[in-house]
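> return a 3D structure for these sequence lines:
(chains A and B)
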Amino acid sequence: MDKPIAIELKHITKTFGAKVVANKDVTMDLRKGEILSILGENGSGKTTLMNMLAGIYYPDEGKIFVNGEEATIKNPKDAFRYKIGMIHQHFKLVDVFTAADNVILGEKMPEYSVRKEYSRLQKKYSEQFREIRSQEKDYIEKGGKRFSKEHDDLIRKEARIVTRAAIHMGSLGWIKLWKHAKFNHLSRYRVQTLQKIVDTYGFELDLSKKIYEMSVSEKQTVEIIKVLYRGADVLILDEPTAVLTPQEIKKLFDVLRKMRENGKSIVIITHKLNEVMEISDRVAVLRKGEHIATVLTSETNEKQLTEMMVGKKVDLNIDRKDPVDPKPRLFISHMTVLNKDGRRAVDDVSFTINGGEILGIAGISGNGQKELLEGIAGLQKVQNGEVIFHNPKKDKPVTFYHKSLKKIKAMAEEGFFHYPNGEKVDLKGKKKKEIVRLVNEEQILFYEDEIINLKHKSPREIQQLGIKLSFVPEDRLNMGLVGNMSIVDNMALRSYRKGRSIFVNKKKPKSLADKVIQELEVVTPSDMTPVRRLSGGNVQKVLVGREISSSPKVLMAAYPVRGLDINSSYLIYNLLNRQKEKNVAVVFVGEDLDVLLALSDRILVLSGGKVAGIVDARSVTKEEVGLMMTKKQEETEKEETENA
Amino acid sequence: MRKEFKHEPLFHISKRMDISTAQKWIIRLSAGILAVLVCSLIATIFTHNFGGFFKSMGSGTFGTAIRRWNLLEKLAILLCIALALTPAFKMRFWNIGAEGQTLIGCLVSAICMFYIRGSIANPLLLLISFVGSVGAGMLWGFIPAFFKAKWNTNETLFTLMMNYVAMYLVTFFISFAVRSGSGVLGYQPFGHLPLLQIPGLAPTGQKFLLTVILVAVLVVLMYVYLRFSKHGYEISVVGESVNTARYIGINVRKVIIRTMLLSGAICGFAGWLLVTGARFTVNKDLVGGDGFTAILVAWLAHFNPLGMLLTAFLVVFLKQGASQLVTDFKIGKDYFGDVITGIFFFFIIGCEFFINYRINFKKRTVKAAASSDTENPSEGADEPSAEAPTLPEAEAASEEAVAANREVE
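Residues are numbered from 1 along each chain as shown, chains lettered A, B, ... in the order given. Down below sits the predicted model:
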């Protein structure tokens, strides 16, 4: 408590436009040698507040004090002058450079001024010249002979100095040019300094490694070293753990603790409570841009923090019921999907998705999750293997929804259908009208589940079978929704084709939109508001609401809670659970392992596009999953190098 | 050291999230008034007659009945081409080949008129030339669309190049058909659009009236097509996000090709109107840059067919008025007309910036900020993009500027 104050924020207010108040009258402080967590939901102004310290934004009102003195931080350069460094969520590194190059990037070599150098040399050479001259004088005065060997030597020395001076001073321009051209001049000299930083804080990093060869955590390390190298005393880390595995998080925290011992002040922006409890000395809670309180971590608990963060009591339990009669819904065998560059994003993956069960998919982001789901949904070409769908049609009527009359006739001939009384359907000799009547009256039923290979089906056909995809929030406006269209129009995306009219019928989408808005508590001025104006959570609700409304059989949700506040997140979890209870096969791609473990029934771990393992979510631990996420990758890399 | 960076930035630019229609029109109107003022002042420097500017501008377009009809005809053709561009642009298919698509329509009409002549009845000839021109326009639209859909070629370059193909085909046809070697195809006496007679308005029959009516119908049709039809809906979805379109199962290739067929067809139709309704001949400059001006017309109206009525009128009015000004006051050459048009569009396009962005000046008093409401604090708080202009918008703006530049040159 007695540590001196490093930074003080007083009455900071920042607004965007007229309406959006990102920070309102925030007053808080940061002490030397402490780790301060800034806790708050998405959109509570954590990042904006810290960006003002890092010089990215300028506060509308209020003052910042650094070491007790008022500071004006207009740009990142100013921030560095005050020894404040920020590590952003998105790394700003040059891919083809090494770690060392990236760290020293932007640092200027000492200015080489020709004029200064000229006067320095002039002084130097004239001194030398004078010295020899005086020697010569002495020699003569002492009665030395002119034109003797000794005298000649002195004269020659004088001449040599003059020549050297002329050459040296005449070529200053060339020297300057040479210094500019000397590539990599800096990194060669700075590597030692950098290595010292790496050693002091116990980073694990090879400074000569290129960025594109690095994992996310290594890239983050480079960013941290960059800030340290520039002499920052205050480090601000923006959600540093979001992209890391449990093991990597542990390492990062060790490093942070060492920094604290070295007297650095560290700010961690986060919304994960367990991490806050683990690492920080104090916690500052922000809500809707306002500073609620700063408390000592040792004197608080997760529940209290959540309440401060959300503003009301929240039930943080996910109600996971045991799956009832899980039956295989989708068989995926030896599926391979190529990404844009032609690399195998999904590599020979086999697994089963059951109805009435949530299958969690874990993995470091970018390890084939997106391609896997898109492959199943028909949005990406499946190169190899099969995707076989068991349409749960047993004793259910056939419809014209995705079967033509011709197809139904052919299937009846092969003996696929029976009447409600159990008799086999024979359509031979029946008139078209009669068959249509039978189908419409739901008199023709399936004997068995329908087995359909999805491999060569179009996305539309697959969706009509009830396989629905709900996508990542950051992609949600890129895939799934149209940002500039209203909620109603976005609801129409699924259903606009229905009917013979050449015009789009907006009545049904409108009622659906109103229903979703009401049931999922979407916050919007009206149902005609463009979707891009909504906040992340509300956009996600619109998308999930639409996908669920068409009563899917398989629901795939990729990162459905990314960027959502706690309330919305739990609403989505509950929605998924409700779908599971309706016997829907739910696939949930998540990044928060705690949630994955609490929500799913089984967890499939992807690593490098391959299945690293399928485990029971009730018995596995976080660490085990974390290991699987990374281990396999290293093994395959090893194999590759051995093969090479 | 502290004094060195004491003052905060003077102003910053932020994106407007919500602006009412009334505000928009106030900004546009004031930009228009400002433009007129600046134009008139500059004109006064040359003419030494402040009122003369307004008089010439007015008389250039409305002075005589012929001028009024000319205005309507030019308006109709320009509007027709702009309408053709609209679905393609809404789909983010940057079709800058309207010039060529129209010209090839003109060419086919002229070929029909030249070779068939009076050998069949006039309505039949008109029908043949109509089918031919529309078909040719469709072909000119289809080729780049096909390559775009199949191999994702750059449609901007492709459509631009197709303009030149059309131009040289016209030259080729003329050198082939006109034996005298003069390189000018004369007046074709057959296959004209019929004159319409309306008591009071056009008692002796007006050759442009049918054109005007046809285009007016087209405006309404296009408005309905884009606004309410399933096709129009698909076009918007493909334009906004190809991924979403694929996701919901729209066949993107089909939509691209279909839309460009439509776009080309309307261009061909415009060419047909131009030749059979007004010019009765063809040469390679017949469309006269209207294919490019139409881009400006469509953009300025934000792809709203009804809005295009206004923007197209503005464009034609300025052109006619400015050329009248040049004739009345004998100011050098045509360049002065272009200067006037350029200044006008500078203001009109420039005001879009103030519609999309707000300039926030340094707050002098603390009170003003304290009273700002706290209605929606969370939205966009974490996004730096709230401050910086987004790329697509900037691009769009520059595209408009390019179109305007072409106009000026």
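> quick one: neighbours of residue A:160, just the number.
12 (other CB atoms under 10 Å in any protein chain shown). All C-beta spots, glycine's among them, are computed from the backbone N, C-alpha and C.
> next, it: secondary structure please.
helix (DSSP: H, G, I helix; E, B strand; the rest coil).
> which parts of the stretch 401-550 of chain A sit against chain B?
A:458-461, A:463, A:469, A:471, A:475, A:477-485, A:489, A:492-494, A:496-497, A:502-504, A:533, A:535 (CB under 8 Å from any CB of the partner chain).
> and if we set it to 6 Å?
Proximity of the stretch 401-550 of chain A to chain B, by CB under 6 Å from any CB of the partner chain, involves residues A:459-460, A:478-480, A:482, A:484, A:493, A:496, A:502-504, A:535.
> farthest pair in those residues?
A:502 and A:535 (35.8 Å; CB to CB).
> can you point out the buried residues in stretch A:432-449?
A:435, A:438, A:439, A:443, A:444, A:445, A:446, A:449 (16 or more other CB atoms under 10 Å in any protein chain shown).
> could I get those in TSV, plus columns for pLDDT, secondary structure and distance to residue A:371?
What follows is these, written out as TSV (pLDDT from 0 to 100; DSSP: H, G, I helix; E, B strand; the rest coil; distance: CB to CB, whole Å):
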residue	pLDDT	secondary structure	distance to residue A:371
A:435	77	helix	42
A:438	77	helix	42
A:439	76	helix	38
A:443	76	coil	43
A:444	76	coil	38
A:445	77	strand	37
A:446	76	strand	33
A:449	73	coil	27
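> and which of these is nearest residue A:294?
Lowest distance from residue A:294 to the buried residues of stretch A:432-449 (CB to CB) belongs to residue A:449, with 58.5 Å.
> contact partners for that closest one?
Contacts for residue A:449 (CB atoms under 6 Å, 6 or more residues apart in numbering or on different chains) come out as A:390, A:392, A:393, A:394.
> please flag which of these sit within strands.
Secondary structure from DSSP state E places residue A:390 of the contacts of residue A:449 in strands.
> show me which of the contacts of residue A:449 is closest to residue A:573.
Of all those, residue A:573 sits closest to residue A:392, with 24.3 Å by CB to CB.
> would you mind measuring from the closest residue to the closest one other than its chain neighbours to residue A:416?
Spatial nearest neighbour of residue A:392, excluding adjacent residues (CB to CB, 6 or more residues apart in numbering or on different chains): residue A:449 at 5.6 Å. As for residue A:449, its distance to residue A:416 is 11 Å (criterion: CB to CB, to the nearest Å).
> buried ones in whichever strand or helix holds residue A:165?
Assigned by DSSP states H and E, residue A:165 falls within helix A:149-170. Neighbour-count burial for helix A:149-170 flags A:154, A:157, A:158, A:161, A:165, A:169 (criterion: 16+ other CB under 10 Å).
> how far is the helix or strand that comes right after that helix from where the chain is centred?
Next along the chain after helix A:149-170, taking DSSP H and E as the criterion, comes helix A:172-181. Distance of helix A:172-181 from its chain centroid, counting by CA atoms, centre = their mean, to the nearest Å, is 44 Å.
> so which of residue A:502 and residue A:535 has more stuff around it?
Set residue A:502 next to residue A:535 and count neighbours by other CB under 10 Å: residue A:535 wins out with 22 against 12.
> surely residue A:615 is within a strand?
Yes: counting by three-state DSSP, residue A:615 is part of a strand.
> and the stretch 251-400 of chain A, which residues reach chain B?
A:288, A:289.
> my guess is residue B:344 contacts residue B:35, does it?
Yes: checked against CB atoms under 6 Å, the pair residue B:344 and residue B:35 is within contact range at 4.8 Å.
> just want to know which of these two has more residues nearby.
Legend: neighbour count by other CB under 10 Å for residue B:344 and residue B:35, higher for residue B:344 (24 against 20).
> where do the strands sit along the stretch 1-150 of chain B?
Assigned by DSSP state E, counting those that start in this stretch, the stretch 1-150 of chain B shows strands spanning B:11-15.
> low-confidence ranges, it, go.
Scanning the stretch 1-150 of chain B for pLDDT under 70 picks out the ranges B:1-10, B:12, B:17-18.
> now the stretch 501-644 of chain A
A:563, A:631-644.
> can you pull out the strands in it?
A:554-558, A:585-589, A:602-607, A:610-616.
> any chance of these in TSV, plus distance to residue B:224 and mean neighbour count?
Below are the strands of the stretch 501-644 of chain A laid out as TSV (distance: least, CB to CB, whole Å; neighbours: other CB atoms under 10 Å in any protein chain shown):
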stretch	distance to residue B:224	mean neighbour count
strand A:554-558	37	25
strand A:585-589	42	27
strand A:602-607	49	24
strand A:610-616	52	18
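> thinking again about what came up before, out of the contacts of residue A:449, which is most surrounded?
Result: residue A:390 is most packed of the contacts of residue A:449 (other CB under 10 Å), 22 neighbours.
> what's the nearest residue to that one if we skip its chain neighbours?
Closest residue to residue A:390 apart from its sequence neighbours, by CB to CB, 6+ apart: residue A:449 at 4.8 Å.
> most neighbours out of the residues of the stretch 401-550 of chain A next to chain B, which is it?
Most surrounded of those: other CB under 10 Å gives residue A:480, at 28 neighbours.
> mind checking the SS state of that residue?
Here residue A:480 takes the coil state, with states given by three-state DSSP.
> where in chain A is the helix or strand with the lowest mean pLDDT?
One helix or strand of chain A scores below all others by mean pLDDT, DSSP states H and E: helix A:473-476, with a mean of 62.
> quick one: buried residues of the helix or strand that that one is followed by?
Next helix or strand after helix A:473-476 toward the C-terminus (DSSP H and E): helix A:487-495. Using 16+ other CB under 10 Å as the test for burial, helix A:487-495 gives A:487, A:488, A:489, A:490, A:491, A:492, A:493, A:494, A:495.
> so who does residue A:145 touch?
Taking CB under 6 Å, 6+ apart, one finds nothing in contact with residue A:145.
> what about 10 Å?
A:139, A:151 (CB atoms under 10 Å, 6 or more residues apart in numbering or on different chains).
> nearest residue to the residue of chain A found nearest chain B other than its sequence neighbours?
Using CB to the nearest CB, the single residue of chain A nearest to chain B is residue A:460, 2.7 Å away. Setting aside the residues directly before and after it, residue A:460 is nearest to residue B:249 in space (CB to CB, 6+ apart), at 2.7 Å.
> which of the three states applies to the one you found?
coil.
> pretty sure it contacts residue A:464?
Yes: with contacts counted by CB atoms under 10 Å, residue B:249 reaches residue A:464, the gap being 8.4 Å.
> which one of those two has more residues nearby?
Comparing residue B:249 with residue A:464 by other CB under 10 Å, the one with more neighbours is residue B:249, at 18 against 14.
> which ones are touching that one?
Taking CB under 10 Å, 6+ apart as the test, what residue B:249 contacts is A:378, A:379, A:458, A:459, A:460, A:461, A:462, A:463, A:464, A:493, A:494, A:497.
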